[in-house]
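*Asks:* just coords:
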């Protein structure tokens, strides 16, 4: 019957649509990087790409512990084999092979094209003489035993020039032939997944197979597997956030429902009271899903925030029903104030929607659409569903204005708190802000510590510092990398960097390969120069025939292309360091063994420009966090102004606007000061939460400022505010117990801010006066 | 009666004990290891002569060999060039003055090198178990002049080395003769320890 009413029907259709979008079309993402903007400076874009699907994002580090060394070593071997048999990994290394057999063979065969030592002088008589003398020394040396085999083919020792840069960087200690940590209690492995780090579903499957593989390897033994890496974090934190979001939303709903049941004394009213929230949450998720493609877990966390705000709307209506009044009458009577309450929140969310930080924009859209939907349902749908409550809603005894009049001077305590807080915040200076992107991560500290320890033990690249060369073609990118290499050799000699990697080590540019081929003499010339160079040296005659034929073969060989590396482990390294993005090619040269990033940055100022630049991922991400925070501060101000404008439009009196805004703004400052005083560094999420405080707090202030007809209405108004304050506090109290630091900081901030807003509104405008 | 049984038991016990101990003067691998293991620190000059198929003349190196029990070994070449080869536990450091090369690697990650190092280090330590892990150990001669042959067990090592013959007297090493699989041969003569 009620479905015949057009507005109810429309609501049902829209709700069904939202439910369909939420449950059939929405994917939830969780890694913070996916939350980052896709449109920034080219440098930041590159950084975000690296964080999203660079090599580092695909690495998974493993530790096996809980046995003696031989048992762990055996488990490491078996586990590495088991991982290789899954389809997930492009390579798995447990220290058994630094360079595979195929890689060594490729490097040896292509040594004349790959070695940077191949220049004309090296194949002159003097150059050859020096090389032969060096070869003699190498033969005599302690490592000579291993060199003899290749002497005849490679007297100039080209293979050493090729392998040296690839072997740089000290790996972990080896025991029983596999990697171990220093204490020898943990076998270490590292693997790279095919799937990009941000591909949550793929990574979740990878991790399920990792656990299954280990179970088979472990057998009856009491071994433990630890694994870590950006993709592991992403999957785990998605699970944590999802469970947090659902669990805490349920908990909050339970609290709120209990309070409302006590207030309404009616199950149907309670059910109806939850309709606007439910509609709001579903609409919010559906809107974000439509607008952004996926919904971030953190956005979902704000679903609980919406409960706190939107659950108040029907409360304002139901608790205000005067005896004999219908719900429709009450809704109509409360609507001007309620409308302002909804609009202020909508406009503060609108400011967030403008943010170029994708995460904030999601939150903005979520709050905006959710609150709007909840407000409209409260006003237009609820009165259609129920005419009047069978039992009257609980109420306070009539309040005589004088009985609860508060002293006027209390207002000054609020202003005092504002001044103290503002002064305190000002003294904190830059200390006030959190700049480290890592600290925003919704990952428990213990997991980050483990990751740090394993990373250090494995010497895995933490790729904090890398050079990037951008060029229109692959070959030009490689040439850029080669030009850069000479500068980096300099930095290496000065001890500023330990070593570096370059795609040109694996695939030299065409020009470099051709120059090297041109440096190789023809057979007759080489033979005669070699004879002259070997005069007086004790080499058997005819010993170097294989060398002469290898050089001739290299002279006429077709140049190396990426396909030449197919099937070797080097192919993967090349892919990681040389990639095409859009119409540009990008060569990456990661640095290792950097003690002081700043001095490297200073030293490279001379040879970096638009297309060759040093990328400090940490500094860059921190700068980005700072930029977006500053932008958010600006948006915060715009939001506050928008709210003031809405209030002006609704209240039409400057004094009224002031008495609504002031206590809430004071509450925001005092909340920020309290957070800082308890040691929190304010981050983006705090800022967003404070914007929400502004929205929720404004509702209280608005209702405190309503024109009231009599003591009964005054009593109902105070009762409504008390119920709202209780529900809001319990909703955010639940969020404060979240395991995820982000959700926790949202809960604490909004909870504190809401309570303070209510308190300050009460103090600011003593209830005894009427507007 | 009881006293007699006690006395004969004592005699039996004495007899049993003397059976278990090696007859004094018998020379075997265990007693060689025992003698070698008594020296915990040693330093000696060495001369290595390498006969290589690729070269028309043998190469000769001179330097110092140092050992500190249980697992520190230094081979310092002084002529004709300077080179330091230091093994400490699992860590190998190799430095060549001429080329400025410096390498550090884990011994256990290089099975062939490891086997080679232990032929000297485990011998100096008197550690038969380690030697037998890599080699079949055979002993010839007498206490005052013995030769121990080490035959590689692993195929990988066998590709490089056929046999290592170490000879000496009592607990002292005199020569290390490495016969390589490709026919090359290197003989290290160790002068009396300082």
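*Replies:* Done, it's in. As the structure is a prediction and not an experimental result, all values here were calculated from the model.
*Asks:* What residue in the stretch 151-300 of chain A comes nearest to chain B?
*Replies:* With Cβ to the nearest Cβ as the measure, residue A:174 is the residue of the stretch 151-300 of chain A nearest to chain B, at 3.9 Å. Where you see a C-beta, it was placed from the backbone N, CA and C, and this is true even at glycine.
*Asks:* Backbone dihedrals for that residue, both of them.
*Replies:* phi -110, psi 130 (degrees, to the nearest 10).
*Asks:* give me the beta-bridge partners of it?
*Replies:* Judged by DSSP bridges, the bridge partners of residue A:174 are residue A:179.
*Asks:* now it: how far from residue A:350?
*Replies:* 60 Å (Cβ to Cβ, to the nearest Å).
*Asks:* the more surrounded of those two?
*Replies:* Using other Cβ atoms under 10 Å in any protein chain shown, the more surrounded residue of residue A:174 and residue A:350 is residue A:174, with 23 against 18.
*Asks:* isn't that one right up against residue B:111?
*Replies:* No: using Cβ atoms under 8 Å, residue A:174 is not in contact with residue B:111, being 10.3 Å away.
*Asks:* Name the helix or strand for the closest residue to residue A:509 other than its chain neighbours, please.
*Replies:* Nearest non-adjacent residue to residue A:509, counting by Cβ to Cβ, 6 or more residues apart in numbering or on different chains: residue A:478, 3.9 Å away. Using DSSP states H and E, residue A:478 falls within helix A:474-493.
*Asks:* Pull out the buried positions in that helix.
*Replies:* A:474-482, A:484-485, A:487-488, A:491-492 (16 or more other Cβ atoms under 10 Å in any protein chain shown).
*Asks:* what's the closest of these to chain B?
*Replies:* Distances from chain B to those, taken by Cβ to the nearest Cβ, are shortest for residue A:492, at 12.9 Å.
*Asks:* Excluding residues flanking it in the chain, which one is nearest the closest one?
*Replies:* Residue A:492 sits nearest to residue A:499 (Cβ to Cβ, 6+ apart), 6.6 Å away.
*Asks:* From chain B, how far out is the one you found?
*Replies:* Residue A:499 sits 13 Å away from chain B, going by Cβ to the nearest Cβ, to the nearest Å.
*Asks:* cool, residue A:603 as well?
*Replies:* 22 Å.
*Asks:* Tally up the residues packed near that residue, please.
*Replies:* 17.
*Asks:* Ok, residue A:762 next?
*Replies:* The burial count for residue A:762: 21, using other Cβ under 10 Å.
*Asks:* do residue A:339 as well
*Replies:* Applying other Cβ under 10 Å, I find that residue A:339 has 15 neighbouring residues.
*Asks:* just to revisit the earlier point, pLDDT wise, what is the residue nearest to residue A:509 at?
*Replies:* pLDDT recorded at residue A:478 is 94.
*Asks:* Contact partners for residue A:24?
*Replies:* Applying Cβ atoms under 8 Å, 6 or more residues apart in numbering or on different chains, we find residue A:24 in contact with no residue.
*Asks:* again but with residue A:550, I slipped
*Replies:* A:112, A:153-154.
*Asks:* same question for the helix or strand containing it, mean pLDDT?
*Replies:* Per DSSP H and E: residue A:550 is located in helix A:545-556. Per-region confidence: helix A:545-556 scores 93 on mean pLDDT.
*Asks:* quick one, whichever helix or strand comes after that helix and helix A:474-493 angle?
*Replies:* Using DSSP H and E, the helix or strand that follows helix A:545-556 in sequence is helix A:569-577. If you take axes from the mean of the first three to the mean of the last three Cα atoms, to 10 degrees, helix A:569-577 sits at 90 degrees to helix A:474-493.
*Asks:* Pull out the buried residues from helix A:569-577.
*Replies:* Residues of helix A:569-577 classed as buried by neighbour count (16+ other Cβ under 10 Å): A:569-574, A:576-577.
*Asks:* Out of those residues, flag the one nearest to residue A:739.
*Replies:* residue A:576 (33.5 Å; Cβ to Cβ).
*Asks:* Where does the prediction get shaky in chain B?
*Replies:* Across chain B, the ranges flagged by pLDDT under 70 are B:1-25, B:109, B:193-194.
*Asks:* Check the stretch 201-350 of chain A too.
*Replies:* Within the stretch 201-350 of chain A, the ranges that satisfy pLDDT under 70 run A:301-307.
*Asks:* Walking through chain B, point out its strands one by one.
*Replies:* All strands of chain B, identified by DSSP state E, fall at B:41-51, B:59-68, B:72-79, B:83-88, B:91-96, B:101-106, B:135-142, B:145-152, B:161-169, B:172-180, B:185-190.
*Asks:* May I see those strands organised as a markdown table, with mean neighbour count and distance to residue A:605 added?
*Replies:* As requested, these are exported to a markdown table (neighbours: other Cβ atoms under 10 Å in any protein chain shown; distance: least, Cβ to Cβ, whole Å):
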| stretch | mean neighbour count | distance to residue A:605 |
| --- | --- | --- |
| strand B:41-51 | 16 | 51 |
| strand B:59-68 | 18 | 47 |
| strand B:72-79 | 16 | 44 |
| strand B:83-88 | 18 | 39 |
| strand B:91-96 | 18 | 34 |
| strand B:101-106 | 15 | 30 |
| strand B:135-142 | 14 | 58 |
| strand B:145-152 | 19 | 56 |
| strand B:161-169 | 19 | 54 |
| strand B:172-180 | 18 | 53 |
| strand B:185-190 | 18 | 53 |
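*Asks:* May I have the secondary structure class of the residue of chain A most remote from its centre?
*Replies:* Each residue of chain A has a distance to the centre, and by Cα atoms, centre = their mean the biggest one is for residue A:536: 65.8 Å. Under DSSP: H, G, I helix; E, B strand; the rest coil, the three-state class of residue A:536 is coil.
*Asks:* low-scoring stretches of the stretch 451-600 of chain A, by residue?
*Replies:* For the stretch 451-600 of chain A (pLDDT under 70), the answer is A:459-464.
*Asks:* Around chain B, pick out the residues from it.
*Replies:* A:538-540, A:543 (Cβ under 8 Å from any Cβ of the partner chain).
*Asks:* returning to that earlier point: OK, contacts around the residue of the stretch 151-300 of chain A closest to chain B?
*Replies:* Counted by Cβ under 8 Å, 6+ apart, residue A:174 has contacts A:95, A:180, B:90, B:106-109.
*Asks:* Tell me the one among the residues you listed nearest to residue A:333.
*Replies:* residue A:180 (75.2 Å).
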